[in-house]
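Q: Let's see this in three dimensions:
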Amino acid sequence: MLKILTKDFAETQRIAQLLARLLQPNDVILLKGDLGVGKTTFTKGLARGLGINHRIKSPTFDIVNEYHQGRMPLYHLDVYRLEETGGSDLGLEEYFNGRGVSVIEWPQFILDDLPATFLLIKILRPTTVIDDSRREIDLLAVGNHYRQQQTKFINLLKKEFPTLTYSLVTDPN
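A: Sure, this is the predicted structure:
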C-alpha cells in the first residue's frame, strides 16, 4: 500500500491529476473516506488530469455523473444512497466495462457488484496534524494491472513531487 501525505487540497488535486496520466479505459477506482474528507476534490483532480474541464460535483442525488470530454470518459458514481438496496439492478457493469474510468464513492455499499480488480483509495484526515486541509491518501492496488500502475505512479511521484511525503507499506496479510 502506498501512503501519501498532502499539505493542502490543491496538492491533493495535483496528486490525482498525476494519477490520471496512467488511467486507461475500464479502470475502476474506489474512493473511501468520511463525509467531507475530499473524495470529490480528488475526483476533480482526476477529471482535470483526463482533460475534462466541466464542473465536477458529487452525484449524490443522481448516483452517476458522466463526463465525456477529455481523453476518455469519466463515470463518477456516488452510491451512498444504495446502502440498503445495493446496485445489482442498475447495470453498473456497463460503466466498469465501458470506454472510460469509473470512480466510485462509498463502494462498501455495492461490494457484490464491484469487479475483482481495482484501485482502492482511502482519504483520511491525519490524526497527528492540526491543519484541516492536510490529507493522508492510501492507495491499495488489487490485481496485477493496478500493481503495475502503482509502480509507475510511484516513479511519477518521485519525479514530479520530489519533496512529497510518502511511503510504501507492506500489507501484513
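Q: Please give me every residue in contact with residue 67.
A: Residue 67 makes contact with 47, 52, 54, 56, 73-74, 76, according to Cβ atoms under 8 Å, 6 or more residues apart in numbering. C-beta: built from backbone N, CA, C; applies to glycine.
Q: Would you mind listing which of these are buried?
A: The neighbour-count test (16 or more other Cβ atoms under 10 Å) marks 47, 52, 56, 73-74, 76 as buried among those.
Q: with those in mind, which one is nearest to residue 38?
A: residue 56 (12.5 Å; Cβ to Cβ).
Q: Leaving out chain neighbours, which residue sits closest to that closest one?
A: residue 44 (4.5 Å; Cβ to Cβ, 6 or more residues apart in numbering).
Q: what helices or strands is the biggest helix by length in the chain leaning on?
A: Counting by DSSP state H, the longest helix found in the chain is helix 144-160. In terms of contacts (3 or more Cβ pairs under 8 Å, 6 or more residues apart in numbering; DSSP states H and E), helix 144-160 is packed against strand 2-6, helix 9-20, strand 118-124, strand 135-142, strand 165-168.
Q: let's go with 7 Å and repeat that
A: Under the contact definition 3 or more Cβ pairs under 7 Å, 6 or more residues apart in numbering; DSSP states H and E, helix 144-160 sits against helix 9-20, strand 118-124, strand 135-142.
Q: which of the residues in that helix are buried?
A: Buried positions in helix 144-160, judged by neighbour count with 16+ other Cβ under 10 Å: 146, 149-150, 153, 157.
Q: can you check stretch 27-41 too?
A: Across stretch 27-41, burial judged by 16+ other Cβ under 10 Å covers 27-33, 37-41.
Q: Would you mind extracting the C-alpha trace of the helix or strand hosting residue 43 into CSV?
A: Following DSSP states H and E, the helix or strand that holds residue 43 is helix 39-49. Taking C-alpha atoms only, helix 39-49 is exported to CSV below (Å, rounded to 0.1, in the frame of the first residue of the first chain):
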residue,chain,number,x,y,z
LYS,A,39,-13.4,12.3,-2.3
THR,A,40,-15.0,14.7,-4.8
THR,A,41,-11.9,17.0,-4.5
PHE,A,42,-9.8,14.0,-5.5
THR,A,43,-12.2,13.3,-8.4
LYS,A,44,-11.9,16.9,-9.6
GLY,A,45,-8.2,16.4,-9.9
LEU,A,46,-8.6,13.1,-11.8
ALA,A,47,-11.0,14.9,-14.2
ARG,A,48,-8.6,17.7,-14.8
GLY,A,49,-5.8,15.1,-15.4
